[in-house]
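Q: Just a sequence and a predicted model for now, questions to come.
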Amino acid sequence: MQYFIDVILPIPIQKTFTYSVTKSEYEFLQAGMRVAVSFGRSKIYTALVYNLHQNPPELYEAKEIYQILDEQPIANSTQLPHWQWISDYYMCSIGEVYKAALPSAFLLESETVLSKKKSFDNESLLSDDEFLIYEALQHQSQLTIHQVSDILGKKKVLPIINDLLKKSVISVKEEIYEQYKPKMIKYVRLHKNLEKSESLENLLNKLSRAEKQRDVILAYFQLLSDKKPIKAKRLEEVSKASSQIINALVAKEILEIYYLQTDRITFQGEKKELKTLNNHQQKALEEIKESFKQYDVTLLHGITSSGKTEVYMQLIQETISKGKQVLFLLPEIALTTQLISRLQMYFGNTMSVFHSKYSMNERVEVWNNLLDKKQKSQIIIGARSAVLLPFSNLGLIIVDEEHETSYKQFDPAPRYNARDTAIVLAKMHQAKLLLGSATPSLESYYNAQEHKYGLVSLNRRHKDISLPEIQLIDIKEKKRKREMTGHFSDTLLGEIQKALEEKEQVILFQNRRGFSPIVECSTCGVSPQCPNCDVSLTYHKHKNKLKCHYCHYYRAMPNNCGACGSHQLDTKGFGTEQIELELKELFPHYNIGRMDLDTTRGKHGYRNIINAFEAREIDILVGTQMLSKGLDFDNVSLVGVLNADTILNFPDFRAHEKAFQLMVQVSGRAGRSKKQGKVYIQTHNPYHQILQQVSVTDYAAMYKEQLQERWQYHYPPYFRMIKITLKHKDYQKVDAAITWLFIALQNVFKEFVLGPSSPAVSRVRNQYIKQVLIKIPPKQSLTKTKETVHKIRNTFIAVADFRGIRFIVDVDNQ
Ligand code: ADP
Ligand code: ZN
Ligand code: ZN
């Protein structure tokens, strides 16, 4: 009898691969366990067992696996079919999904090397196997996983390596395998040699001559009343003693030190009770629960600051009290520190935050907690990639700000939309899913109108504060009447002045960062371009640099024109940096802050600015669309949009929908807690229908009009789309390839193939970009369409002339 497993490899090839295993391996292995296998010439990969069977592959001889890496599955039985769905739907390999899902610490590869730590010298701690490795590392500075396996004559060596890591005998080269290190926290307790009954008095007598040490002991007993382990740090704080004094007590065998492992993201504060819902919120909550009886997915259309988050929290509470898990998806974790701390106050140690930008250790911890069904994993708050985690028992998924395009992964594959992927995940768990937004995507609202989703609205702000009053300012007119100062109309300036005098805060929105997007020679009209991309460089005044926002190329701002030598360089257009500078001159006695990609680098970049604004250290905050993401400040009475035109004139069929969402969301930051806020939107085109709709927050009108256009011009939600992008550094080659592809697709899909075209920036990082768009009419089968695209892609790949061209398929492109 022969035994086989099919495995997933973390590579972009569209299938699983079969390997042979022994009978005992076959009996031991389960789907979701990792095995090391060799693939290609000699590379070893960490593969994931997909299934086990006894059918030899027809086209090749199955190789043996190299070793088994797990004792238990690390991916569970709903994840694999879910990944398979993503792979089928978004036309990528399941390996790409696997790679995106697993923290890379789980994806050990053959290049992993072990080396001995200098600090270790206590051989007596080692088991026989461990000693063999330790000894080998005395003779040779590095060992690969293969070699370890050879030395020990076994395949399962990962547990041994893990033990060696735990005992700090070896280290693993970080770039391949950043090992998982649980964070240890230092605690103190009374030394075990002290008699249990040792009284405080006795101890203090013993220390009668060491005043500081007495203080420490006093503080220790005081902390004991909390009935919690006592952290060394906390003891130092309370007793105001240095660590030396504590060490002295340790040396006297009065105290001893011990370590406990902690999960990194523990909540330390007091747990609070949930807020009582107001009547409207209570009604919405009831309606949502009612709707869930009929629909798996319900859309909560709640205006900004109506208290959607409070409603979510009630639903979360009810779900976890039934012992089910909750996934709370957010578009951008970094920008939602406020929301996370709000949730943390209520759900404390039953929740974990997951984000792909977190360190490897933090991600591994969340993953393992979910596998072990720890209490901390009852609620997972995360951005996009959190839908790929090992949930076992989901009861509810919330997708907050469901309209946000950042739910769609753009690059690399899998190019999935986390919102839609979450809907599928909820189905697999028979869980309910709530979409929430003040400005729902056309797609979701359409599904609600078509009764595919339930719909609940919440259209009162908390405390019945009215939505902000929105006014449009015609800057063409203002310019003509000379009522502009820099980029500010007199109206907006007056309102800023008023708000500041009232000690209220102001938010100003400008879509572009930097000082000005274009530098132009006023003699010959040439503007400096990025050498790698087909785009003008943006001027950043503070650093006196020209930067490319596509590839991060930069250079010093030149003194004269590179083309004609003229010294007259003009700047055109404006960004956040310029606005900030103008404000500093206009309001010298106030603090101006700026929030854009340039000021929020680093893990805590956003938080620092948000905290400063919250603490009212900043009076006016200027920023890009980051400002529209659910921020909740209680003292902002005025929001200004400096120029709505650049938002409206974006060449994309979704531009108007997005502009509406962006402006309504930005406006929603005003007047959230005390009184009605004010919003001023500057534009050259105040009669634009979208601006008119924004000015009265008329979602229904926007929806109706946009939907009509979508129908007329064959766009989603009626037609589906697949975008294919080709990239290569040789323009001729991409051009020939796109023509070939266009014709091949047109033969099948006729007039529903659009293109070929170049995107607005047609060359990025020296790669020329060409695209075609396939539109799929409502009655055409999506599956069949994809099959055809697959076939054409396979033919394309086989054409020798097209070798090296990147072929990118994006289903439901944004
Ligand atoms: P949304 O998510 O709909 O924009 P939030 O949930 O952020 O609205 O609510 C806006 C503000 O009003 C928050 O500061 C929130 O704490 C407060 N709030 C909302 N509902 C209540 C309530 N029932 N009781 C007390 N405060 C509330
Ligand atoms: Zn010039
Ligand atoms: Zn560039």
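A: Received, thanks. Ligands and ions are numbered 1, 2, ... in the order given.

Q: What residues does this protein have near ligand 3?
A: Proximity of the chain to ligand 3 is confined to 530, 532, 533, 548, 550, 551, 553 under the rule C-beta under 5 Å from the ion. Quick note: C-beta positions are derived from backbone N, CA and C, even for glycine.

Q: Can you select the buried ones among these for me in PyMOL?
A: In PyMOL syntax, the buried subset of the residues of the chain next to ligand 3 is picked out as below (16 or more other C-beta atoms under 10 Å):
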select buried, resi 530+532+533+548+551+553
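
Q: out of the residues of the chain next to ligand 3, who's near ligand 1?
A: Contacts with ligand 1 within the residues of the chain next to ligand 3, counted by C-beta under 6 Å from any ligand atom: none were found.

Q: okay if I get the residues of the chain next to ligand 3 as a markdown table plus pLDDT?
A: As requested, the residues of the chain next to ligand 3 are exported to a markdown table (pLDDT from 0 to 100):
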| residue | pLDDT |
| --- | --- |
| 530 | 90 |
| 532 | 88 |
| 533 | 89 |
| 548 | 89 |
| 550 | 84 |
| 551 | 81 |
| 553 | 88 |
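
Q: Counting by contacts, list what the helix or strand containing residue 506 packs against.
A: Using DSSP states H and E, residue 506 sits in strand 505-509. Using 3 or more C-beta pairs under 8 Å, 6 or more residues apart in numbering; DSSP states H and E as the contact criterion, the elements in contact with strand 505-509 are helix 490-501, strand 620-623, strand 636-641.

Q: Partner strands of the very next helix or strand once past it, with direction?
A: In the C-terminal direction, the helix or strand that comes right after strand 505-509 (DSSP H and E) is strand 518-521. Strands flanking strand 518-521 in the sheet, each with its direction: strand 569-572 (antiparallel) (DSSP bridges).

Q: Residue 749 is in contact with residue 774, isn't it?
A: Yes. Judged on C-beta atoms under 8 Å, residue 749 makes contact with residue 774 at a distance of 5.8 Å.

Q: thought residue 26 was touching residue 19?
A: No. Using C-beta under 8 Å, residue 26 makes no contact with residue 19, being 11.1 Å away.

Q: The most centrally placed residue in the chain: what's it in contact with?
A: With distances taken as C-alpha atoms, centre = their mean, the residue of the chain nearest its centroid is residue 383 (4.1 Å). By C-beta atoms under 8 Å, 6 or more residues apart in numbering, the contact set of residue 383 is 329, 330, 331, 332, 333, 354, 355, 356, 406, 418.

Q: for the stretch 451-600 of the chain, what spans make up the strands?
A: Secondary structure of the stretch 451-600 of the chain (DSSP state E, counting those that start in this stretch): strands at 454-458, 469-474, 484-485, 488-489, 505-509, 518-521, 538-540, 545-547, 554-556, 569-572, 592-595.

Q: for the second one, packing partners?
A: In this structure, strand 469-474 packs against helix 490-501, strand 678-683, helix 689-695, with contacts taken as 3+ C-beta pairs under 8 Å, 6+ apart.

Q: highest average neighbour count across these?
A: Greatest average neighbour count among those goes to strand 678-683 (a mean of 24), per mean count of other C-beta atoms under 10 Å.

Q: Between strand 636-641 and that strand, find me the angle.
A: Angle of strand 678-683 versus strand 636-641, following axes from the mean of the first three to the mean of the last three C-alpha atoms, to 10 degrees, is 10 degrees.

Q: thinking again about what came up before, tell me how far the residue nearest to the centre of the chain lies from ligand 3.
A: From residue 383 across to ligand 3, the span is 27 Å (C-beta to the ion, to the nearest Å).

Q: same check, this time on residue 570
A: From residue 570 to ligand 3 the distance is 22 Å (C-beta to the ion).

Q: What is the neighbour count of that residue?
A: Here the count is done by other C-beta atoms under 10 Å, and residue 570 has 13 residues near it.

Q: same question, the one 4 residues further on
A: A total of 23 residues lie near residue 574 under the criterion other C-beta under 10 Å.

Q: In terms of secondary structure, what does the host helix or strand of residue 658 contact?
A: With elements taken from DSSP H and E, the one containing residue 658 is helix 655-667. Applying 3+ C-beta pairs under 8 Å, 6+ apart, we find helix 655-667 packed against strand 636-641, helix 645-648, strand 678-683, helix 689-695, helix 699-712.

Q: mind listing what's buried in it?
A: 656, 657, 658, 659, 660, 661, 662, 663, 664, 665, 666, 667.

Q: By residue count, what's the longest helix in the chain?
A: Ranked by residue count and defined by DSSP state H, the top helix of the chain is helix 731-749.

Q: residue contacts, residue 147?
A: Residue 147 touches residue 136, counting by C-beta under 8 Å, 6+ apart.

Q: now do 10 Å
A: 113, 114, 133, 136, 140, 157 (C-beta atoms under 10 Å, 6 or more residues apart in numbering).

Q: so it sits in a strand?
A: No. Counting by DSSP: H, G, I helix; E, B strand; the rest coil, residue 147 is not found in a strand; it is helix.

Q: For it, give its distance to residue 72.
A: As judged by C-beta to C-beta, to the nearest Å, residue 147 and residue 72 stand 26 Å apart.

Q: circling back to that earlier point, what residues are shared contacts of residue 26 and residue 19?
A: 3, 4, 5.

Q: returning to what we had before: got the helices and strands packed on strand 505-509 as a markdown table, with distance to ligand 2 and mean pLDDT columns?
A: Shown next, in a markdown table, are the helices and strands packed on strand 505-509 (distance: least, C-beta to the ion, whole Å; pLDDT from 0 to 100):
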| stretch | distance to ligand 2 | mean pLDDT |
| --- | --- | --- |
| helix 490-501 | 35 | 96 |
| strand 620-623 | 31 | 93 |
| strand 636-641 | 34 | 94 |
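
Q: so which of the ones you listed gets nearest residue 47?
A: strand 620-623 (44.9 Å; C-beta to C-beta).

Q: Sheet partners, orientation included, of the closest one?
A: Note on strand 620-623: by DSSP bridges, its sheet partners are strand 505-509 (parallel), strand 592-595 (parallel).

Q: Include distance to residue 465 when you put the helices and strands packed on helix 655-667 into CSV, please.
A: Converted to CSV, the helices and strands packed on helix 655-667 look like this (distance: least, C-beta to C-beta, whole Å):
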stretch, distance to residue 465
strand 636-641, 11
helix 645-648, 26
strand 678-683, 13
helix 689-695, 18
helix 699-712, 19
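
Q: weakest of those by average pLDDT?
A: When the helices and strands packed on helix 655-667 are compared by mean pLDDT, helix 645-648 comes last with a mean of 87.

Q: which strands and helices sit next to that one?
A: Judged by 3 or more C-beta pairs under 10 Å, 6 or more residues apart in numbering; DSSP states H and E, the packing partners of helix 645-648 are helix 655-667, strand 678-683, helix 689-695.

Q: between the ones you listed, which one is nearest to ligand 2?
A: The closest of the helices and strands packed on helix 645-648 to ligand 2 is strand 678-683. By C-beta to the ion, the value is 31.2 Å.

Q: centre of the chain versus that closest one, how much separation?
A: Relative to its chain's centre, strand 678-683 lies at 31 Å (C-alpha atoms, centre = their mean, to the nearest Å).

Q: Then stretch 104-124?
A: Centroid displacement of stretch 104-124 relative to its chain, using C-alpha atoms, centre = their mean, is 30 Å.

Q: avg pLDDT for that stretch?
A: 73.
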